[in-house]
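Enquirer: what follows is a predicted structure for the sequence shown.
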Amino acid sequence: MDREFEVPENNPLLRCFQYLAPEEVSYGRFCWNEDCQYCRVTFDLGEGSASRTALSCKVMVQAGMRVKEATSEIKYCLRKLQKEK
């Protein structure tokens, strides 16, 4: 979403979002177990790779991962990061 961050490896993407915005994601409406669907993202793995849609609570973060779209819940939780551009 037009920003680059370094996050801990070997973690689900949602946990990495929580690393970036601890309070906001912790209090978000996420179930962390696939039921709510509030953590759905569209991502790719770099220039020229296919876009994929997944739940960020289940997909593991990878080097070069680019989040292209996110649910309004994720965008709301990460809103302060967008203001810091």
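Expert: Great, that's in hand. Residues are numbered from 1 along each chain as shown.
Enquirer: can you map out the helices along the chain?
Expert: With DSSP state H as the criterion, the chain has helices at 13-20, 22-26, 72-77, 79-83.
Enquirer: surely Lys68 meets Ser51?
Expert: Yes. At 6.2 Å, Lys68 counts as touching Ser51 under the criterion of Cβ atoms under 8 Å. C-beta here means a position set from N, CA and C on the backbone, and glycine is covered the same way.
Enquirer: pLDDT weak spots in this protein?
Expert: 83-85 (pLDDT under 70).
Enquirer: buried set for stretch 51-69?
Expert: When burial is assessed from 16 or more other Cβ atoms under 10 Å, stretch 51-69 yields the following buried residues: 55-57, 59, 61, 65, 67.
Enquirer: got TSV for the residues you listed, with distance to Asn33 too?
Expert: Shown next, in TSV, are those (distance: Cβ to Cβ, whole Å):
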residue	distance to Asn33
Leu55	9
Ser56	12
Cys57	7
Val59	14
Val61	18
Met65	21
Val67	21
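Enquirer: just name the closest of those to Asn11, please.
Expert: The nearest member of these to Asn11, counting by Cβ to Cβ, is Val61 at 5.7 Å.
Enquirer: pretty sure that closest one contacts Val7?
Expert: Yes. Under the criterion of Cβ under 8 Å, Val61 makes contact with Val7 at 6.0 Å.
Enquirer: between these two, which contacts overlap?
Expert: Here Val61 and Val7 have Cys16 as joint contacts, going by Cβ atoms under 8 Å, 6 or more residues apart in numbering.
Enquirer: identify whichever of the helices of the chain lies nearest to Leu45.
Expert: helix 13-20 (12.2 Å).
Enquirer: distance check, the residue of the chain most remote from its centre against Gly64.
Expert: Distance from the C-alpha centroid of the chain peaks at Gly48, with 20.2 Å (Cα atoms, centre = their mean). Going from Gly48 to Gly64 by Cβ to Cβ, to the nearest Å gives 11 Å.
Enquirer: can you pull out the strands in the chain?
Expert: 40-44, 52-55, 66-70 (DSSP state E).
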